[in-house]
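**Student:** Attaching a predicted model along with its sequence, questions to come.
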Amino acid sequence: MSILIDKDTKLAVAGITGREGSFHTLNNRAYGTNVVGGINPKKAGENVEGIPVFANWADTVAETGANAAMIFVPPPFAAASAQEAAEAGVELIVVITEGIPAHDELMLFNRLKRDHPNTRLIGPNCPGLLSPGKANVGIIPASFFKEGNVGVVSRSGTLTYQIGNELAQAGFGNSSIVGIGGDPVPGSSFIDIIALFEADPQTELIVMSGEIGGDAEEQAAAYIKDNVTKPVVGYIAGFTAPEGKTMGHAGAIVSGSAGTAAAKAEALEAVGVQVGRTPTQVAKIAMEILGAAA
Amino acid sequence: MDLLEYQGKQLFGRHGLAVSDGKAVTTVDDAVAAANEIGYPVVVKAQVLIGGRGKAGGVKLAANEAEAREHATNILGLDIKGHIVRTLWIEYASDIATEYYASVLLDRGAKKPLVMFSVEGGVEIETVAEETPEKLIKENVDPLVGLTREQAVDIATRGGADADVIEGVADALVALYEVWIEEDASLAEINPLIVTPDRQVKALDAKVTLDDNAMFRHKENADLGDSANADPIEQKAKEQDVIYVKLDGDIGIMGNGAGLVMSTLDVVAQYGGTPANFLDAGGGSDAAKVKQAIELILANDQVKAVLLNIFGGITRCDEVANGLVAAFGDLNPTVPFVVRLDGTNDVEGRKILEDAALPNVHAATTMDSAAELVVKLAKENS
């Protein structure tokens, strides 16, 4: 088992003909993901290395039965493309695009919630998902990860690789790795993904990697306390970030006392989540909990 | 992007929110001319993006031309916590009967806009929130509907606005919400929102932050903000599309990906070092971008040692290594470098560095060992 993506995933990609879009789509296919189509209204009827290109999401779904969408289109059009995918009936939408206006994200989230409550949105501004050995949707460098029992959910891309690599060096593999993105209005929160890992039989330990800004980690802590039986290991980036400065991610800004790394670590530790102070420590804690890895 | 007070007020005015007549000026003579035109008394207000202007002597009342000249002379060029005053806002001095507070921002927890209102205006709203939370009305708005007039009247009423200005406050809240939505603001705040003796509701201050990501559809706002007071290195980084934040320490840091760079700052701090900057070169950095990034880091003369921490996903380590070699050729850095390369093409990247045998460049295999080494080298070099 794994969460969200596996051998049954049929992926279609908006922005498949762009430089990044085609590169990563083909990477995903090379990994074994079933890529069934792509979208570019100006290039309908063409193909990208054999992957058919359609004019819109409705055509794509009708022709291919796509059940997962990956969005690579530029920021001004990304939210509209995700909305269109939802209207076409796609129930998993992964938005990789970085730099989408916060209000577009806000409207997209609220529209999907109202009109398409069963659609799961991952991102925007995220590295995507990987279920090692099964499917890769996004830009996660899959070669570093193997199949295993640790589920990872993270707000940051490269930090996911760092932590995942530390876990891999300690001998662990992953059920799934989910990057939820560092923007102010992520489609899925820690809670959404942690709930899926809790229900996934393959996952025996959950690693959540957070960062400064917002209160998603604090909300996750409250949720874990009442709903999660599996061990959770945490990591928070940004202990030394100064107040009032945006640290790269639009969501990573500390204002007032709220949203600091210390407050988040404290909230998690208060409900029994061990929080590593460095990525290396996260792997050490995981080893202590699961025993020397398989 | 944070707007200066007068820029925020000009946006407010465009959306029908009442503000006092005023003019932005950059010289003493223009300040005096503006004051004469507006009519006395006027307030001479320093335009800087930092709180505590009043205490620093940056806000003064002038009853006549001589006072306007005196205050403008004193305030222009004033250094308020590192921000040099280059612009003054001259506005008619309003009589104040009551001070309220109003704001609209993104509630990230609820994933909805949040309207806040309080009759405790003119003070730090954080203090009100902490000490008398019952006096701060916080109301989520359905973004698919917008702030309705009924909801605005309800907020003003529950917040305890004077009965005769409920309508005026509701108008102001609806207009403020419109500013927030239509200008793609992340924050639109009025503190204080005043009631004049003749019962007019007016914005006496404006604090507006616009979303940089939405600037493509607001070309008219692109030149706002206070670029003259921005850190020169940060400004240059922005032009080069590199995310650079200046910090107070002496260890230059570069990485790829915001989360990994934040984590690198933390690990360096754990080994007793203090980072000189946050620099995210971004995914897919090529050699030219790496070289630019190193130039930015070295432009800060506080830097005593530099750490490059790369975990390549999209980013290829051989590109980073080539960029470093090119940067050394042009810049001849005198400070030691520690380089940790992992991920895509790491073997090739390490080989490039080994073959180049750059002076005072140290390879590290893990993030922890890299941090430990750079802290040691920075101490030796200071």
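**Tutor:** Yep, it's here.
**Student:** got a list of what the residue of the stretch 151-300 of chain B found nearest chain A touches?
**Tutor:** Here the residue of the stretch 151-300 of chain B nearest chain A is B:Gly259; by C-beta to the nearest C-beta that distance is 2.1 Å. The way it works is simple: take the backbone N, C-alpha and C, and place the C-beta from them, glycine included. Applying C-beta atoms under 8 Å, 6 or more residues apart in numbering or on different chains, we find B:Gly259 in contact with A:154-160, A:182, A:209, A:211, A:237, A:248-249.
**Student:** Go again with 10 Å.
**Tutor:** A:154-163, A:179, A:182, A:209-211, A:235, A:237-238, A:247-249, A:252, B:280 (C-beta atoms under 10 Å, 6 or more residues apart in numbering or on different chains).
**Student:** just the strands in the stretch 1-150 of chain A please.
**Tutor:** Under the criterion DSSP state E, counting those that start in this stretch, the stretch 1-150 of chain A contains strands at A:10-14, A:34-39, A:47-48, A:51-54, A:68-71, A:92-95, A:120-122, A:128-131, A:135-138, A:147-154.
**Student:** Who are the packing partners of the longest one?
**Tutor:** Helices and strands touching strand A:147-154, by 3 or more C-beta pairs under 10 Å, 6 or more residues apart in numbering or on different chains; DSSP states H and E, are strand A:128-131, helix A:157-169, strand A:174-179, helix A:190-199, strand A:205-211, strand A:232-237, helix A:279-290.
**Student:** for these, which one sits closest to chain B?
**Tutor:** Going by C-beta to the nearest C-beta, the one of these nearest chain B is helix A:157-169, 2.8 Å.
**Student:** now that closest one against strand A:232-237, angle please.
**Tutor:** 140 degrees (axes from the mean of the first three to the mean of the last three C-alpha atoms, to 10 degrees).
**Student:** what about helix A:157-169, distance to the chain center?
**Tutor:** Its chain's average C-alpha position is 14 Å from that of helix A:157-169, according to C-alpha atoms, centre = their mean, to the nearest Å.
**Student:** now do stretch B:188-204
**Tutor:** 25 Å.
**Student:** Any part of that stretch near chain A?
**Tutor:** No. Contact of stretch B:188-204 with chain A (C-beta under 10 Å from any C-beta of the partner chain) is absent, the minimum separation being 12.0 Å.
**Student:** on that earlier part again, could you pull up the mean pLDDT of the helix or strand the residue of the stretch 151-300 of chain B closest to chain A falls within?
**Tutor:** Per DSSP states H and E, B:Gly259 falls inside helix B:258-270. For helix B:258-270, mean pLDDT rounds to 94.
**Student:** Which other helices and strands does whichever helix or strand comes after it contact?
**Tutor:** Per DSSP H and E, helix B:258-270 leads on to strand B:277-280 as the next helix or strand towards the C-terminus. In terms of contacts (3+ C-beta pairs under 10 Å, 6+ apart), strand B:277-280 is packed against helix B:232-239, strand B:243-246, strand B:251-255, helix B:258-270, helix B:287-298, strand B:305-312.
**Student:** In the first one, which residues are buried?
**Tutor:** This means helix B:232-239. Buried residues in helix B:232-239, counted by 16 or more other C-beta atoms under 10 Å in any protein chain shown: B:233-234, B:236-237.
**Student:** ok, residue 51 - contacts?
**Tutor:** With no chain named, the answer covers chain A. With C-beta under 10 Å, 6+ apart, A:Ile51 has these contacts: A:11-13, A:16-17, A:22, A:25-26, A:29, A:35-38, A:64.
**Student:** wrong one, I was asking about chain B
**Tutor:** B:Gly51 neighbours (C-beta under 10 Å, 6+ apart): B:80-81, B:124, B:207.
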